[in-house]
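>>> can you look at this prediction? I've put the sequence above it.
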Amino acid sequence: MSVTSYVDQYGYIVLLLALLLEMIAVPLPGEVLMSYAGYMVHQGQLNWILSILIAATGTSVGMTTAYFIGQRLGGPFLHKYGHFIHLGPSQLEKTSRWFNKYGNKLLIVAYFIPGVRHITGYFSGITKLPFRSFATFAYSGALIWTSTFISLGKLLGSQWEQFHEAVKKYLVIGGIVSAGLIIAYYVFRYFHKQIFWAMMAVLRRVFMIFRSRVRAEFVIIGTTLVTLFLIVLMITMIQNLFSEDFSDFNEVTSLIVSLLFKHHWAGVMKGMLALSSRQALILVMVLTVLWIIWKGKDRTHEFLIMLLVTIGGELYQNVLHEVFHRMSETEIPTFSHFVFSFPSDQAMMILIIYGYFTYLVVRHAEMFWVHTFMDVLLLAVLLFAAVSHIYFGLEIPSNIAGGYVFGGVWLGLNILLLEIFRMI
C-alpha cells in the first residue's frame, strides 16, 4: 500500500502523525503527503484551511519534541563525544552564541531543505536557543512550509504527481539560496566593518590615481558584486541551455502562471504587457533624459552611457544570438531555433532601459525611501512583464530569465564604466 493511500483512508490523522514523525527524523515523505492532501482539497475531500492547520500542528509538535530531546540529551552527549567531530565544548559554546543571535531566522527556510529540517529542532535544543525565540520562528516556518505544499497540491490538482518533483526541486533550490543569503547577510552584519575596510583598501589600490568619493565607492562595490553574481549565473544558464536542462523550469513556470491566472485576467495582463511595449520603453528613455538634465551631476558621461547601454545593447543582443546560433549548429542542431531565440531581446531591453533609469534616480536621490521605492518598482515591472509574456505565450520562461540575466550583466558593466568616468 502506498503512503498516499493512507491519506485517502485516514486523511487528517495521517497528515498530523506523518509530519510529527518526520520532524523527529523518521524518514517519511512529508512533502508528497502534503501535496497529495492538497490534491484531495482540490477534489473536495479535505478542507484547505483545516489541512494546513493540522499539518502545521503536526510539524510544530514534532519540532518541539526534537527541541526538548536535543536540550535534554544532546548537550551532555556532545560535551562528552563532540571533540571527535570537532564540536567540543568551546566550539559548541561559540556555535550556541551564533545560533542564539542569528540561527533562529534559518528555522523558517530550513523546512524547504531536505535533511536540514530534520536536525534543526535537535540543534536548536542542543545550542540552548531560548524556547520563545525557537517557537516564534519554528512555528512560523511550519505554517509557511505546510501552506506552500498543500496549496501547491490544490493548485496543481490532477497534475500534482506529474509536476510535484520538478516544483519541489526549485523550492529546494530557493530554500538553499535563501539560507545562503540569510547567512551572508548576518556575516556581513557581524563583520561589516572588517569587510568594508578591506574593500576600501582594495579600491584605493585600484583607483589610487582617482579622486574617489565614499558614495561612489559604495556604488562600485555593490555594482561589482551584483555583476559578478550575474556573470556566474549567466555562465550557468549557458551550460543549462546546451545540456537541455530548462525543460522542467519552463513547464513548471508556465503551468503555475496558467493555474494562477485564468481567462478573466486577460485585461489585467494586457495592462502588464503594456509596460514592455515600445511606447513604454521610449517614455522611460525620455524620463531618463529629463532626469539627467534636472538632476545629473555629470551629464556628458550619463548621456554617453545611456547611448552605449541602449544602442550597444542592441548590438550586444545581435552578437549573442549569432554566437548561440553558431554553437547550436554544432552542439544541438535540433534545437537551433530555440537556442537562437535565447536570451529574449525584449526582456534584455526592459531590464536595461528600466534599470538604467532606476540607477540614475537612486544614485542622485537623497531620501532613502526613494531608493527603496524605485528598487521595488523595478522588480515589480520585471515580474509583471515576465508573467504577462508567459500568460499570452509570447516568450518561454527560460528566454525571459536569460534576457534579464544577460541584460543585467550588460547594465552592470556600463554602470561600472560610468562610475569610473566620474572618478577620473
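Nice, thanks for sending it over.

>>> can you name every helix or strand that the helix or strand containing Ile311 contacts?
Using DSSP states H and E, Ile311 falls within helix 299-331. Contacts defined by 3 or more C-beta pairs under 8 Å, 6 or more residues apart in numbering; DSSP states H and E place helix 299-331 against helix 214-242, helix 278-295, helix 336-340, helix 345-364, helix 397-423. (C-beta placed from N, C-alpha, C; glycine too.)

>>> so how far is it off the chain centroid?
The chain centroid and the centroid of helix 299-331 are separated by 26 Å, computed with C-alpha atoms, centre = their mean, to the nearest Å.

>>> tell me the angle of it relative to helix 278-295?
150 degrees (axes from the mean of the first three to the mean of the last three C-alpha atoms, to 10 degrees).

>>> what comes up buried for helix 299-331?
301-302, 305-306, 308-310, 313, 316-317, 320-321, 324, 327-328 (16 or more other C-beta atoms under 10 Å).

>>> do the same with stretch 386-405
In terms of neighbour count (16+ other C-beta under 10 Å), stretch 386-405 has its buried residues at 386-391, 395-405.

>>> and what of stretch 417-424?
Along stretch 417-424, these residues count as buried under the neighbour rule (16+ other C-beta under 10 Å): 418-419, 422.

>>> looking at those, spot the one nearest Ser254.
Of all the buried residues of stretch 417-424, the one with the least separation from Ser254 (C-beta to C-beta) is Leu418, at 37.2 Å.

>>> what sits against that closest one?
In this structure, Leu418 makes contact with 298, 301-302, 305, judged by C-beta atoms under 8 Å, 6 or more residues apart in numbering.

>>> let's go with 7 Å and repeat that
Taking C-beta atoms under 7 Å, 6 or more residues apart in numbering as the definition of contact, the neighbours of Leu418 are 301-302, 305.

>>> make JSON lines out of those and add pLDDT and distance to Thr127.
Compiled in JSON lines, those are given as follows (pLDDT from 0 to 100; distance: C-beta to C-beta, whole Å):
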{"residue": "His301", "pLDDT": "87", "distance to Thr127": "52"}
{"residue": "Glu302", "pLDDT": "90", "distance to Thr127": "51"}
{"residue": "Ile305", "pLDDT": "91", "distance to Thr127": "50"}
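
>>> nearest to Ser247 among these?
Using C-beta to C-beta, Ile305 is the member of the contacts of Leu418 that lies nearest Ser247, at 37.8 Å.

>>> excluding its backbone neighbours, what's nearest that closest one?
Of all residues beyond its chain neighbours, the one nearest Ile305 is Leu418 (4.4 Å), with distances taken as C-beta to C-beta, 6 or more residues apart in numbering.

>>> where do the helices sit along the stretch 51-200 of the chain?
75-81, 89-101, 106-110, 117-126, 131-156, 160-190, 192-206 (DSSP state H, counting those that start in this stretch).

>>> quick one: buried residues of the third one?
Okay, so that is helix 106-110. By neighbour count with 16+ other C-beta under 10 Å, helix 106-110 contains the buried residues 106-110.

>>> what packs against it?
In terms of contacts (3 or more C-beta pairs under 7 Å, 6 or more residues apart in numbering; DSSP states H and E), helix 106-110 is packed against helix 117-126, helix 131-156, helix 160-190.

>>> tilt between the first one and helix 131-156?
Direction vectors for helix 117-126 and helix 131-156, defined by the same axes, to 10 degrees, enclose an angle of 170 degrees.

>>> in the protein, which helix or strand is least confident?
Scoring the helices and strands of the chain by mean pLDDT, DSSP states H and E places helix 336-340 at the bottom, with a mean of 49.

>>> pull the number of nearby residues for Leu225.
The burial count assigned to Leu225 is 12, neighbours taken as other C-beta atoms under 10 Å.

>>> outline the domain layout of the chain.
What the record gives for the chain is the domain set 3-171, 196-423, from automatic domain parsing.

>>> most tightly packed of those domains?
Counting by mean count of other C-beta atoms under 10 Å, domain 3-171 has the highest mean neighbour count of the domains of the chain, with a mean of 19.

>>> for the record, mean pLDDT for that one?
For domain 3-171, the mean pLDDT works out to 76.

>>> how much space separates Lys128 from Phe137?
In this structure, Lys128 and Phe137 are separated by 15 Å, where distance is defined by C-beta to C-beta, to the nearest Å.

>>> cool, and Thr57?
Thr57 is 17 Å from Phe137, where distance means C-beta to C-beta.

>>> ok, the nearest residue to Tyr139 once chain neighbours are set aside - contacts?
Of all residues beyond its chain neighbours, the one nearest Tyr139 is Ser60 (4.9 Å), with distances taken as C-beta to C-beta, 6+ apart. By C-beta under 7 Å, 6+ apart, Ser60 lies in contact with 138-139, 142.

>>> for Thr57, give its distance to Thr127.
When C-beta to C-beta is applied, the distance between Thr57 and Thr127 equals 25 Å.

>>> right, I mislabeled it, should have said Leu230
In this structure, Leu230 and Thr127 are separated by 36 Å, where distance is defined by C-beta to C-beta.

>>> now Ser398
Distance of Ser398 to Thr127, computed by C-beta to C-beta: 41 Å.

>>> just Asp298 next, same as before
51 Å.

>>> over to Ile54?
29 Å.

>>> give the contact list for the nearest residue to Thr59 once chain neighbours are set aside.
Leaving out its chain neighbours, the residue that sits closest to Thr59 by C-beta to C-beta, 6+ apart is Ala142, at 4.0 Å. Going by C-beta under 7 Å, 6+ apart, Ala142 touches 56, 59-60, 63, 111.

>>> try it again with 10 Å
When the contact criterion is C-beta atoms under 10 Å, 6 or more residues apart in numbering, the partners of Ala142 are 19, 23, 52, 55-64, 107-108, 111, 117.

>>> roughly how far does it sit from Arg117?
When Ala142 is compared with Arg117 (using C-beta to C-beta), they lie 10 Å apart.
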